[in-house]
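>>> Pasting a predicted model and its sequence here:
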Protein chains: 2
Amino acid sequence: MSHPVTGDRAADQKRQALLKFPFFIQAPPELQRQIALAASVVRLESGAYFLREGDSCAHFAVLLSGRMRVFKLAESGQEITLYNVGAGEACPLNVSCILSDRPVPAMARVEEDVEALVIPAETFRRWMGEHESLRTFVFQTFATRLTEMMSLVEEVAFRRMDQRLARRLHDIFQESGTPRTSVETTHAELASDLGTAREVVSRLLKEFERLGAITLSRGKIELKNSALLREMASGIAEK
Amino acid sequence: MSHPVTGDRAADQKRQALLKFPFFIQAPPELQRQIALAASVVRLESGAYFLREGDSCAHFAVLLSGRMRVFKLAESGQEITLYNVGAGEACPLNVSCILSDRPVPAMARVEEDVEALVIPAETFRRWMGEHESLRTFVFQTFATRLTEMMSLVEEVAFRRMDQRLARRLHDIFQESGTPRTSVETTHAELASDLGTAREVVSRLLKEFERLGAITLSRGKIELKNSALLREMASGIAEK
DNA sequence: CGGCTTCCGTGACTTAGGTCACGGAAGCGT
DNA sequence: ACGCTTCCGTGACCTAAGTCACGGAAGCCG
């Protein structure tokens, strides 16, 4: 009832910072307080690995900023992106690893510098039993990703590369509520994303440029005709 | 404290029947009692659809016997199997649909006559809040399938058809603890499984036969050389 | 038995896309 | 300015696998 002690003030600050994230807003005051007290914030630089295939997890993490890419790495060295984890989201592999204590079956690498809220696995497990809102968050995470993965299987199995690439580009341009008109990426990067070879991406991009959907320059792609790109993504256009 | 009433006796029988399933064995007595009381058993004939893409779910189900196949159906009519659900298992799509109230993104069809324990969605949601053991079961379900789906993405993206087919065959022969030496299936069925065309399967199977791994007859495949098949599945052999 | 349906085998052809082998362009560091 | 590294463009080539178009075999049923 008097002035808050130092620890409480730090916790209050953390709490403020967290108030823009749905998973935190949904939490009851009691859980919010516990999170602010028990969680710490870590920073991970771009290029760092958050998870490697076969790892186990001692901590649960929610991203506050930045982006991680979760991908499968084949023996051949080829990669394919499974999904990206952004601000406010948790990685389902991390959760599944903590809750079912099995090694993770893929890699997770930081693509854009990450700040993450981390909680010891044991604490997380306890809270899962006590807090409906946390469970809901986790289930949403699982459900969303499982659905995405199913669509991905279909896409890889049945769609042509040009469609897949067009869609991927379109998604990138729309990304995170900030419709861009230009994006910095390399053909090799897109190739790893889609699980194909750089040459294939280069050729298709050139074709897209020829058709007037985009323009290319070193390390950068600019959007020229969004509608056309969308058509290509759904297979209406092309030839 | 006197003789059990009829309902209780029926419930006791149900309880007996359920005692071979891990998810039930793990449950505390209190939950076991509730399940025996609130759950009903339904039968679904082979060929029936348990879920169609876009459905919502009013019930949670656990299979007691039989098998369901969950698959994606492309507009082109092509199919690819995502996974199978067998005795003692729940379908994660069913769960995710109930817990996050979103339409299911795939089809689930009964392949071998199914008996299933079903529970109203609302009841299931309540129990999820109250019972650790149920939560654990559900998380296992999610974690297992998510992992499987990731491997499937990798397989579809990077493996050749001959390897995928060899592996699929090998899995079928090993299936459910009863190592078979012969299996009744058609080439078309295997093709839908793998998301390819029947002709492709026929050709590859013929090749496998030529190499002495299997022998073919109408609607049936017999295993001749399990080791060879395994080699093919991992890409060691082949020519 | 004769007809129908389901399955299977196969040749011929097409094509997406993976692989190789370059060379050249763009940017960076010193 | 020079060299080094990263990226990109491109032609040539190869091959897995999808598609088409059959015909024939196997089983089923009246």
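The structure has been received and is ready for your questions.

>>> In contact with the residue sitting nearest the centre point of chain A, which residues?
Centrality entry for chain A: nearest residue to the mean C-alpha point is A:Val85, 1.7 Å, by Cα atoms, centre = their mean. Neighbouring residues of A:Val85 by Cβ atoms under 8 Å, 6 or more residues apart in numbering or on different chains: A:Leu63, A:Arg67, A:Met68, A:Arg69, A:Val70, A:Cys91, A:Ala108. The C-beta positions use only the backbone N, C-alpha and C, and glycine is treated the same way.

>>> now for the lowest-mean-pLDDT helix or strand in chain A, which elements pack on it?
Ranked by mean pLDDT, DSSP states H and E, the weakest helix or strand in chain A is helix A:6-18, scoring a mean of 74. Counting contacts by 3 or more Cβ pairs under 8 Å, 6 or more residues apart in numbering or on different chains; DSSP states H and E, helix A:6-18 packs against helix A:29-38.

>>> where's the helix it packs on relative to the chain centroid, distance-wise?
Remark: helix A:29-38 is offset 25 Å from the chain centroid, using Cα atoms, centre = their mean, to the nearest Å.

>>> For that helix, give me every contacting residue.
A:7, A:11-12, A:14-15, A:18, A:24, A:27, A:117, A:119-120, A:123, A:127, A:130-131, A:133-134.

>>> could you flag which of those are buried?
Neighbour counting by 16 or more other Cβ atoms under 10 Å in any protein chain shown classes A:Ala11, A:Lys14, A:Arg15, A:Leu18, A:Phe24, A:Ala27, A:Leu117, A:Ile119, A:Trp127, A:His131, A:Ser133, A:Leu134 among the contacts of helix A:29-38 as buried.

>>> Contacts only, for the first one.
The neighbourhood of A:Ala11, defined by Cβ under 8 Å, 6+ apart, consists of A:Arg33, A:Ala36, A:Leu37.

>>> hmm, which of those are the buried ones?
Looks like these have A:Ala36 buried, using 16+ other Cβ under 10 Å.

>>> Pick the one among the buried ones among the contacts of helix A:29-38 closest to chain B.
A:His131 (9.9 Å; Cβ to the nearest Cβ).

>>> tell me the pLDDT at that closest one?
pLDDT recorded at A:His131 is 94.

>>> Please apply the same query to the one 3 residues further on.
We note a pLDDT of 95 for A:Leu134 in this prediction.

>>> Equivalent analysis for A:Val5, please.
pLDDT for A:Val5: 53.

>>> same question, A:Ser176
72.

>>> ok, now the one 4 residues further on?
What the model reports as pLDDT for A:Arg180 is 89.

>>> Can you lay out the contacts of A:Ala11 as CSV showing distance to B:Thr215 and pLDDT?
Supplementary listing: the contacts of A:Ala11 in CSV, determined by distance: Cβ to Cβ, whole Å; pLDDT from 0 to 100:
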residue, distance to B:Thr215, pLDDT
A:Arg33, 68, 93
A:Ala36, 67, 92
A:Leu37, 67, 91
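
>>> Three-state assignment for the closest residue to A:Gln26 other than its chain neighbours, please.
Among residues not flanking A:Gln26 along the chain, A:Ser133 sits closest, at 4.7 Å (Cβ to Cβ, 6 or more residues apart in numbering or on different chains). Look at A:Ser133: counting by DSSP: H, G, I helix; E, B strand; the rest coil, its state is helix.

>>> Let me see the contact set for A:Ser133.
Contacts of A:Ser133 (Cβ under 8 Å, 6+ apart): A:Phe23, A:Gln26, A:Ala27, A:Pro28, A:Leu31.

>>> from those residues, which would you call buried?
A:Phe23, A:Ala27, A:Leu31.

>>> What residues does chain A have near chain B?
Residues of chain A lying close to chain B (Cβ under 8 Å from any Cβ of the partner chain) are A:72, A:74, A:76, A:78, A:80, A:82, A:92-93, A:96, A:99-100, A:102, A:105-106, A:128-129, A:132, A:135-136, A:139-140, A:142-147, A:149-154, A:156-158, A:195.

>>> Pull the number of nearby residues for A:Ile98.
Using other Cβ atoms under 10 Å in any protein chain shown, A:Ile98 has 25 neighbouring residues.

>>> What is the three-state secondary structure of it?
Relying on three-state DSSP, one would call A:Ile98 helix.

>>> Mind pulling up the pLDDT for it?
93.

>>> That one is in contact with A:Trp127, isn't it?
No: using Cβ atoms under 8 Å, A:Ile98 is not in contact with A:Trp127, being 11.4 Å away.

>>> got the residue ranges for the helices in chain A?
A:6-18, A:22-25, A:29-38, A:92-100, A:121-130, A:132-158, A:161-174, A:187-194, A:198-210, A:226-233 (DSSP state H).

>>> what's near enough to touch the closest residue to A:Arg230 other than its chain neighbours?
When the adjacent residues along the chain are set aside, A:Arg230 lies closest to A:His170, with 5.9 Å between them (Cβ to Cβ, 6+ apart). Applying Cβ under 8 Å, 6+ apart, we find A:His170 in contact with A:Ser226, A:Leu229, A:Arg230, A:Ala233.

>>> one more time with 6 Å, if that's ok
A:Leu229, A:Arg230, A:Ala233 (Cβ atoms under 6 Å, 6 or more residues apart in numbering or on different chains).

>>> With A:Val201 instead?
Contacts of A:Val201 (Cβ under 6 Å, 6+ apart): A:His187, A:Leu190, A:Ala191.

>>> State the pLDDT value of the last one.
This points to A:Ala191. So A:Ala191 comes in at 98 (pLDDT).

>>> Am I right that it is in contact with A:Glu199?
No: at 8.3 Å, A:Ala191 and A:Glu199 do not qualify as touching, with contact defined as Cβ atoms under 6 Å.
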